[in-house]
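Asker: I would like the atomic coordinates for the input below:
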Amino acid sequence: MTRSTIVRSAVLAATTALTAAALAVPAQADGHHRVFADSLPSVTPRAETPALHDDDEGGNADADDPAIWRNAAAPDRSLVVATAKEGGLRVYDLDARPVQSIAAPPAAGEDDAPGRFNNVDLVHGLRLSSGKADLAVTSDRGNDRLSFYRIDRDRAGGPLSDVTDPAAPPVFSQDQAEINDQRTAYGLATWTDRTTGKSYALVSRRERTSIALLELLPAAGGKVTYRKVRALDLPSSFRLPDGTSWSPCAEPGELPQVEGMVVDPANGMLYAGQEDIGVWRMRADLTGTPKLIDKVREYGVPGVYDEETEECTPGADPGFGGTRISSDVEGLTLLTEPDGDGYVLASSQGDNTFAAYDRELEDANEYEGGFRVAAADDTLDGSEECDGAAVLNAPLGSKYPNGLLVVQDGHDAPGDGDRDSTNFKFVDLAEVMDALDD
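Answerer: Below is the predicted model:
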């Protein structure tokens, strides 16, 4: 996690008692009662990837965000592509075994500064100068750029090959000095507009509220580049019902950032998790007015930042927050169903749960329930402080005939001494559907 995430975690720890007390308060205007995390149904993983370790000895790798690529010709040979931050990209088979490891490009302009892949998503059938291809797209936080990898399942040397145009521009930064400040490309969601066939990436900015829309374009030699279409800034301060103005407590200069994002291709709507605020819905072309469909429980809680401890001291909870998710709200993914129904799933990192919202706009994205990913046994634990998630409701051969949910585990157990351990858990989607149907 980033230092800002650690700061926010301190706020969460300090506000746990306040939040628990608020749970006894009568339901807010939306008519829903507050949901206790331990009352939600549990699902258990079938497999997990090897642990990654965020230190020099472990390659400074930190599991973060997954994407599921389905091999239409041989679903049993589908892949999970995942970011490991300074560890680059990891590719796994459906048994959660490593298939390929790709280093992140070193950050330009700083001696020995590592690269850092933050989020990943997929684009299917993008037309390149060398023909159509499926791509894994990553946000390269170290260089404020996107990186592109062509997926060829049986390619010698591994299924992913770099097809990034070396001339691809920075997403947000005007010069190298800005890139060095690391307020760079962060969250990521891809989208293909069904009316035009054009493919895009939506990219958020670290420690800022900005989201940029980039059109993905072919470049010479089978490479991929992009151009910025427009950008949008979400609010950083909010008017509360009592008439006061509120911003979440953070390190000076930091604004409430967005990371988890997903686009519903059926209606072109983007769902974005502003970590300390809640879940937004907006047009994926970034026109129109964003709508906050749910708030985190800590919304409206005042706080004072202490420079010595680099932590926030929270004040009393005024009770203006939501009832179902706790900051940080991070990994967002879309669970589609053949009949057009389905869910937007959001990782409620603060209480180790996942919230499900109806994807139908006519239902105003109503909350439909939630679940936890709990330990299967003494050797296969669940998911805590989940950063990223990906779901695919399609048969994946004999291993996952009902589809697959992959979630990041921010605290893999058993741990390895003093080293932080993270990895990814693989969950049979049938379990998730059963939990949401309860």
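Asker: From now on I want contacts and neighbour counts done on CA atoms only, so please keep to that.
Answerer: Will do.
Asker: Stretch 105-122: end-to-end distance?
Answerer: Stretch 105-122 has an end-to-end distance of 19 Å (CA to CA, to the nearest Å).
Asker: Give me the contacts around that stretch.
Answerer: 64-67, 69, 81-89, 104, 134-143, 176, 180, 186-190 (CA atoms under 8 Å, 6 or more residues apart in numbering).
Asker: So residue 242 versus residue 319, what's the distance?
Answerer: Distance, residue 242 to residue 319, by CA to CA: 11 Å.
Asker: try residue 44
Answerer: For residue 44 relative to residue 319 (CA to CA), the value is 33 Å.
Asker: Next: residue 396.
Answerer: Distance from residue 396 to residue 319, by CA to CA: 44 Å.
Asker: Neighbour count: these two, which is higher?
Answerer: residue 396 (23 against 19; other CA atoms under 10 Å).
Asker: hang on, that one packs against residue 76?
Answerer: Yes - here residue 396 reaches residue 76: they are 5.5 Å apart, a contact under CA atoms under 8 Å.
Asker: Among the contacts of stretch 105-122, which ones are in strands?
Answerer: 66-67, 69, 81-83, 89, 134-140, 186-190 (DSSP state E).
Asker: where do the contact lists of residue 242 and residue 319 overlap?
Answerer: The contact sets of residue 242 and residue 319 do not overlap (CA under 8 Å, 6+ apart).
Asker: sec struct for the closest residue to residue 320 other than its chain neighbours, please.
Answerer: Excluding the flanking residues, the one nearest residue 320 by CA to CA, 6 or more residues apart in numbering is residue 300, at 5.8 Å. The three-state label given to residue 300 by DSSP: H, G, I helix; E, B strand; the rest coil is coil.
Asker: Does residue 300 touch residue 327 like I think?
Answerer: No - assessed by CA under 8 Å, residue 300 is found out of contact with residue 327, at 11.9 Å.
Asker: Going by residue numbers, what spans are helices in the stretch 151-300 of the chain?
Answerer: Under the criterion DSSP state H, counting those that start in this stretch, the stretch 151-300 of the chain contains helices at 176-180.
Asker: Contact partners for the residue nearest to residue 320?
Answerer: Taking CA under 8 Å, 6+ apart, we find residue 300 in contact with 240, 246-248, 317-321.
Asker: Please apply the same query to residue 240.
Answerer: Residue 240 touches 246, 300, 320, counting by CA under 8 Å, 6+ apart.
Asker: Kindly report the same for residue 173.
Answerer: Contacts for residue 173 (CA under 8 Å, 6+ apart) come out as 144, 179, 183-184.
Asker: mind listing the strands in the stretch 251-400 of the chain by residue range?
Answerer: 258-264, 269-274, 278-283, 291-295, 303-306, 311-314, 329-336, 342-348, 353-358, 367-373, 389-392 (DSSP state E, counting those that start in this stretch).
Asker: so what strands line up beside the following helix or strand past the last one?
Answerer: Yep, that's strand 389-392 we're talking about. Per DSSP states H and E, strand 389-392 leads on to strand 404-409 as the next helix or strand towards the C-terminus. According to DSSP bridges, strand 404-409 forms sheet pairs with strand 389-392 (antiparallel), strand 421-428 (antiparallel).
Asker: Stretch 427-438 - what's its average pLDDT?
Answerer: Average pLDDT, stretch 427-438: 95.
Asker: Buried residues of it, list them for me.
Answerer: For stretch 427-438, a neighbour-count test (16 or more other CA atoms under 10 Å) marks 427-432, 435-436 as buried.
Asker: so which of the strands of the stretch 251-400 of the chain comes closest to residue 411?
Answerer: Proximity to residue 411, assessed across the strands of the stretch 251-400 of the chain by CA to CA, is greatest for strand 367-373 (12.6 Å).
Asker: strands paired with that closest one, and their directions?
Answerer: In its sheet, strand 367-373 lies beside strand 42-43 (parallel), strand 353-358 (antiparallel), with partners assigned from DSSP bridges.
Asker: Nearest to residue 202, out of those?
Answerer: Each of the strands paired with strand 367-373 was scored for nearness to residue 202 using CA to CA, and the closest is strand 353-358 (21.0 Å).
Asker: relative to strand 342-348, how tilted is the closest one?
Answerer: Interaxial angle, strand 353-358 versus strand 342-348 (axes from the mean of the first three to the mean of the last three CA atoms, to 10 degrees): 150 degrees.
Asker: which outside residues touch strand 353-358?
Answerer: By CA under 8 Å, 6+ apart, strand 353-358 touches 37, 324-325, 341-348, 364-373, 436.
Asker: let's see 7 Å
Answerer: Residues from elsewhere that reach strand 353-358, judged by CA atoms under 7 Å, 6 or more residues apart in numbering: 37, 325, 342-348, 365-372.
Asker: need the strands paired with strand 404-409 in CSV with distance to residue 170, can you?
Answerer: Shown next, in CSV, are the strands paired with strand 404-409 (distance: least, CA to CA, whole Å):
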stretch, distance to residue 170
strand 389-392, 26
strand 421-428, 29
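Asker: can I assume residue 213 is in contact with residue 226?
Answerer: No - here residue 213 lies out of contact with residue 226, judged by CA atoms under 7 Å, at a distance of 9.7 Å.
Asker: hmm, back to that, got a markdown table for the strands paired with strand 367-373, with mean neighbour count and distance to residue 281 too?
Answerer: Converted to a markdown table, those look like this (neighbours: other CA atoms under 10 Å; distance: least, CA to CA, whole Å):
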| stretch | mean neighbour count | distance to residue 281 |
| --- | --- | --- |
| strand 42-43 | 20 | 27 |
| strand 353-358 | 23 | 11 |
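Asker: and those strands as a markdown table, adding mean pLDDT and distance to residue 166?
Answerer: As requested, the strands paired with strand 367-373 are exported to a markdown table (pLDDT from 0 to 100; distance: least, CA to CA, whole Å):
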| stretch | mean pLDDT | distance to residue 166 |
| --- | --- | --- |
| strand 42-43 | 98 | 43 |
| strand 353-358 | 98 | 38 |
